[in-house]
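Colleague: generate a structure from the sequence data that follows.
(one chain, ligands or ions: 1)
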Amino acid sequence: MSVLIVLGSKSDSPVAKKAVDVLEEFKVEYQMTVASAHRTPERVRKLAQESKADVIIAIAGLSAALPGVLAAESLKPVIGVPVSGKVNLDSILSIVQMPPGIPVGAVGLDNGKNAAILAVEILAIKEPALVEKLENYRKKQAEAVERHAAELSV
Ligand code: RP5
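Modeller: Next comes the predicted model:
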């Protein structure tokens, strides 16, 4: 089981790093590449049609067509990550406002981390070992909040 991460541009790397960190923590296999819906439409089409990955994470800014085009060309679930820029709503709306029939699961601005966690949750449907890792992940997160509460509460 694996995840394909597609960046619309090399400049989206800091957001991709957040997704990669999570996938590595969960020891989930992934492939990563750059392909642009506008600058290299054929490359995007080929990737969508030929990828053996189970879930696709597509990271793009500006008029972020990449997640939608990957979703149009593939039956795999696509998670779109809008990248921030001068006008933050551009990429969010491009990803959220897909026409009915071709869905893209959207996470928050620059939130590569949530995209990867959601991808792991999708893979966990067929992979019980990942369910256990997700439970531990949530437990550690909750423990951190308890620690912070103990530190800061008055
Ligand atoms: C989008 O345009 C990319 O996903 C990136 O977020 C943005 C800017 O691209 P570059 O000009 O930095 O290559 O297609």
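Colleague: which stretches in the protein count as helices?
Modeller: 13-25, 41-50, 66-73, 88-96, 112-124, 128-152 (DSSP state H).
Colleague: what parts of this protein come near the ligand?
Modeller: Applying CB under 6 Å from any ligand atom, we find that the chain lies next to the ligand at 8-9, 11-12, 36, 60-62, 83. Bear in mind the C-beta positions are built from the backbone N, C-alpha and C, glycine included.
Colleague: which of those residues count as buried?
Modeller: Among those, the ones that count as buried by 16 or more other CB atoms under 10 Å are 8-9, 12, 36, 60-62, 83.
Colleague: next, the contact list for the spatially most central residue of the chain, please.
Modeller: The centroid of the chain falls nearest to residue 115 when counting by CA atoms, centre = their mean (3.2 Å). Taking CB atoms under 8 Å, 6 or more residues apart in numbering, we find residue 115 in contact with 19, 57, 59, 79-81, 107.
Colleague: and residue 141, by the same measure?
Modeller: Contacts for residue 141 (CB under 8 Å, 6+ apart) come out as none.
Colleague: cool, residue 121 as well?
Modeller: Contact analysis of residue 121 by CB under 8 Å, 6+ apart lists residue 134.
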